[in-house]
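In: show me the folded form of this:
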Amino acid sequence: MEELPIKPQDNQTQDQDFSNINLRLLDLSDIDDYMVWAADDKVTQFCSWESHTSKEVAMKYMVDFIIPHPWFRAICIDDRPIGAISVTQKCGSDSRRAEIGYVLGSKYWGKGIATRAVKMVAAEIFFDWPHLERLEGLVDVDNIGSQKVLEKAGFQREGVFRKYFIQKGRARDAVVFSLLSTDPQAKLLV
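Out: Residues are numbered from 1 along each chain as shown. Below is the predicted model of the structure:
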């Protein structure tokens, strides 16, 4: 019988309780926690932005983009940011659609935290924005973890848009997921 290697566990997260997840506004006082994931190339590999190389760069990004964003929240455990999640509404005749995006510190991957955060947002956003009919996620085809998050959160996989977006200078395919305000799971999510 072949022995399977035992996967080492992260001592800082193995005994931690992840039931106390909340979402809140991210502000400049969170810069040290924000840098943990925003400066990690493993975390930002599928993000549209590059890893932040300094606190100054990160603070400018927070001031210019995060703080004025209409729906951007920190994903927190015990009120300490470990990631972020946002919903961006489309404009004009597409205003009944919005796109969800999220990022999570790598030491928290695979623990159900991102799935829980997506469910929390989906349940809230259809209430906050009653005109919204469709929440969609566009995921790089190579980002299997993020695809699993959306599937576990009740989103429906719709297909692949070939060469749909430019990410860090390369044309990339995107897997499209959606959750409609009329989907039964949209009302049962949290």
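In: buried residues in stretch 141-160, which are they?
Out: 143, 146-147, 149-150, 153-155 (16 or more other CB atoms under 10 Å). In short, each C-beta sits where N, CA and C put it, glycine included.
In: C-alpha coordinates for that stretch, PDB please?
Out: Provided in PDB are the C-alpha atoms of stretch 141-160 (Å, rounded to 0.1, in the frame of the first residue of the first chain):
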ATOM      1  CA  VAL A 141      -9.800  29.800 -16.600                       C
ATOM      2  CA  ASP A 142      -6.600  28.800 -14.600                       C
ATOM      3  CA  ASN A 143      -8.000  30.100 -11.300                       C
ATOM      4  CA  ILE A 144      -9.700  26.800 -10.200                       C
ATOM      5  CA  GLY A 145     -10.000  27.900  -6.500                       C
ATOM      6  CA  SER A 146     -12.000  30.900  -7.400                       C
ATOM      7  CA  GLN A 147     -14.300  28.900  -9.700                       C
ATOM      8  CA  LYS A 148     -14.900  26.500  -6.800                       C
ATOM      9  CA  VAL A 149     -15.800  29.400  -4.500                       C
ATOM     10  CA  LEU A 150     -18.500  30.600  -6.900                       C
ATOM     11  CA  GLU A 151     -19.900  27.100  -7.500                       C
ATOM     12  CA  LYS A 152     -20.100  26.400  -3.700                       C
ATOM     13  CA  ALA A 153     -21.800  29.800  -3.200                       C
ATOM     14  CA  GLY A 154     -24.600  28.800  -5.600                       C
ATOM     15  CA  PHE A 155     -23.500  30.600  -8.700                       C
ATOM     16  CA  GLN A 156     -24.200  28.900 -12.000                       C
ATOM     17  CA  ARG A 157     -21.400  28.300 -14.500                       C
ATOM     18  CA  GLU A 158     -22.500  29.700 -17.800                       C
ATOM     19  CA  GLY A 159     -19.500  29.200 -20.100                       C
ATOM     20  CA  VAL A 160     -16.100  30.500 -21.200                       C
END
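In: just checking, which of the buried residues of stretch 141-160 belong to helices?
Out: 146-147, 149-150 (DSSP state H).
In: stretch 98-109: how far from the chain's middle?
Out: 3 Å (CA atoms, centre = their mean, to the nearest Å).
In: what about it, how long is it end to end?
Out: 25 Å (CA to CA, to the nearest Å).
In: name the element residue 114 belongs to?
Out: helix 113-128 (DSSP states H and E).
In: what angle do helix 144-152 and that helix make with each other?
Out: 50 degrees (axes from the mean of the first three to the mean of the last three CA atoms, to 10 degrees).
In: now helix 113-128: buried residues?
Out: 113-122, 124-126.
In: where do the strands sit along the protein?
Out: Ranges of strands in the chain, per DSSP state E, are 21-24, 72-77, 80-89, 97-104, 134-140, 156-167, 170-180.
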